[in-house]
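# need coordinates for the following:
(chains A and B)
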Amino acid sequence: MRTRWLKIVLAMGYLFLYFPLICIVIYSFNESRFVAVWSGFSLKWYKALFSDPIMLRATVTSLKIACISATVSVIFGTIAAIVITRLPIFRGKSFFIGAVTAPLVMPEVVMGLSLLMLFVGMEKYFGWPNGRGTTTVIIAHITLTLSYVTMVVQARLQDLDRFIEEAALDLGASPLKVFFVITLPMISPSIVVGWLLSFALSLDDVVIASFVAGPGSTTLPMIVFSSLRFGISPEVNALATILMTVLSIGVIISAAFIYKKQNRRDHA
Amino acid sequence: MYRIEERIISWFLDLVKKVTGKHFLVFVPSIWMIIFFICPCLILIKISFSESLIASPPYTSIVDMVSDYTLQIRLNLGNYLVLFTDEMYIRGFITSFLIAVASTVCCLIIGFPMAYAIARSSKKYRSILLMLVLLPFWTSFLIRVYAWIMLLSPSGFINTLLMKLNLIDVPLQLMNNSYAACIGIIYTYLPFMIFPLYGAIEKIDYSLLEAAYDLGSTPLRAFFSIVVPLAVPGVYAGSVLVFVPAIGEFVIPELLGGAQTLTIGRLVWNEFFGNMSWPTAAALSIILLICVVFPIVLAKKREEINLLAKE
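As a prediction, this is how the structure comes out:
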């Protein structure tokens, strides 16, 4: 009796979560422009998508920005996580933790606006950045995603058995060697997760990019956002389906990778 | 001018060296966050006290050397005063607050049974069920909002279905109101509610529930007097995680809320891109930041009090 109720709750919950997304996938194959009419299966919106030069250029820009900012923020975020978990208390440590994690709760509009004001001020006094463009978006995205990476990696570092690292240090390995030979392989799943998370966040961001992007660095979400302001657009259906497929495959593969790694460790 | 800045920079580097000592590791992320996070916030505060100007950049400077011996600091409080006197801004604050509260409560109502059901399901399925909650979170945020445009718009899925069934003649106005904005926020931030709730509920010892049944309690009463009180930490964490992004949200009210659902996030955007009024946008942002920090501080205080009580 009770388990049946729980099953109904779960079914309704997942229906709420997945029904809208399934609709998008189905209607991306609809030949008609309108939701009201189903005029047959067609790939024409995918064709339209791939022959749209603005969309394609924006996709390339977005992927470039997402790759660079995710990579840099994984490096910075891992360092920040090590500082938080491994260094003894130093003056300003709580300030450091606050500064690194605050962007998590910062509203996007505020972050975009304040970064833009910084860039304008810097340009006036130092002559850099010379106009806004891809670089400023990358900087903004690193600042945004760094805190997420720090959180993810820090959680893993806290769970790690510190004795292994200490044993290696006692046996005469240099701290750098300990990091690369012992710590890094052990936290690699969380680094992968951090990279994927940063990549997804960067690929997703429209507000901050709108503030700090310049002409010529229009990102994909900015284009999608401006076309959504005019209502339903079947091209976006096709794009959404592709993005969803790619991202879910990525997430599932990395989840399987992490699961396997954990299993191996548990059995070893 | 440059001399002063150089001196400030070298003083600053000395300070960093003193603070961090030999730990050069602290350097990279700290410098980055100071330049690209702390500085922008300070600039935001500075600009919020300046006056609007038709120039580039479009604001007056608040520190001026008026003559050789006088340094004048002009703080313009007008930007803040306007926010508390103009009806449009006051309504904006109220709308944002109501939407954020309503979405948080709805997330709680939907999320609690789901988190409970996941926590009570067999161990084998739990991680898969949790991953299924998280999977939509990985798909693009814009796409999730777009999905609701497709469902709710006048020529969208729900209206089409209702018209085909002859239940209505004219499309219902489901979109472009604050309810639609709420639905979008609930849909987007539901995983943020479910995860902390699951974390809290999973820890509950179910023998307590069985004891309650044995003593003759009804399932509903056992649920409300055992599970709910023990899940309170999760409720607080989840509520903060939903409320904080909801109050500063821009994209969802913009796309689903229509013209009249003016939230703080949208006001900031409009002030900046529409009116080109940087100082007003900055002042609004500062107020928004205060609105965001307040519930977090509150939750922290509660946690501390709880810890003290436990000890």
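# how about whatever residue of chain B ends up closest to chain A, what does it touch?
Nearest to chain A, among the residues of chain B, is B:G248, at 2.6 Å (C-beta to the nearest C-beta). Where you see a C-beta, it was placed from the backbone N, CA and C, and this is true even at glycine. When contacts are counted by C-beta atoms under 8 Å, 6 or more residues apart in numbering or on different chains, B:G248 is found next to A:P107, A:E108, A:V109, A:V110, B:S96, B:I264, B:G265, B:L288, B:C291, B:V292.
# the fourth one: how many residues sit nearby?
Counted by other C-beta atoms under 10 Å in any protein chain shown, the residues lying close to A:V110 total 26.
# sorry, back to before: could you pull up phi and psi at the nearest residue to the residue of chain B closest to chain A once chain neighbours are set aside?
Beyond its immediate neighbours in the sequence, the residue positioned closest to B:G248 (C-beta to C-beta, 6 or more residues apart in numbering or on different chains) is A:P107, lying 2.6 Å away. With angles defined as degrees, to the nearest 10, A:P107 sits at phi -60, psi 140.
# and A:P107, how far is that from B:I183?
When C-beta to C-beta, to the nearest Å is the yardstick, A:P107 and B:I183 sit 20 Å from each other.
# neighbour-wise, which of these two wins?
Neighbour comparison, A:P107 and B:I183: the larger count goes to A:P107, with 24 against 21 (by other C-beta under 10 Å).
# how much space between the more buried one and A:G77?
21 Å.
# next: A:T145.
Distance from A:T145 to A:G77, by C-beta to C-beta: 8 Å.
# identify the contacts common to those two.
Common contacts of A:T145 and A:G77, defined by C-beta under 8 Å, 6+ apart, comprise A:S198.
# enumerate the residues of the stretch 51-200 of chain A near chain B.
Remark: the part of the stretch 51-200 of chain A in contact with chain B comprises A:76-77, A:79-80, A:82-83, A:87, A:90-92, A:96, A:99-100, A:102-103, A:105-111, A:113-115, A:117-118, A:120-121, A:124-125, A:139-140, A:142-143, A:146, A:150, A:200, using C-beta under 8 Å from any C-beta of the partner chain.
# mind checking which of the residues you listed are in strands?
Using DSSP state E, no member of those falls in strands.
# buried among those residues? Make that a ChimeraX selection.
Buried residues within those, by 16 or more other C-beta atoms under 10 Å in any protein chain shown, are selected in ChimeraX with:
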select /A:76,77,79,80,82,83,92,96,99,100,102,103,105,106,107,108,109,110,111,113,114,115,117,118,120,121,139,140,142,143,146,150,200
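# of the residues of the stretch 51-200 of chain A next to chain B, which belong to helices?
The helices, defined by DSSP state H, take in A:76-77, A:79-80, A:82-83, A:96, A:99-100, A:108-111, A:113-115, A:117-118, A:120-121, A:124-125, A:139-140, A:142-143, A:146, A:150, A:200 from those.
# and the closest residue to chain B within the stretch 151-268 of chain A, what is it in contact with?
At 4.2 Å from chain B, A:A240 is the closest residue in the stretch 151-268 of chain A, using C-beta to the nearest C-beta. The neighbours of A:A240, taking C-beta under 8 Å, 6+ apart as the test, are A:I24, A:V25, A:S28, B:T139, B:S140, B:I143, B:Y146, B:A147.
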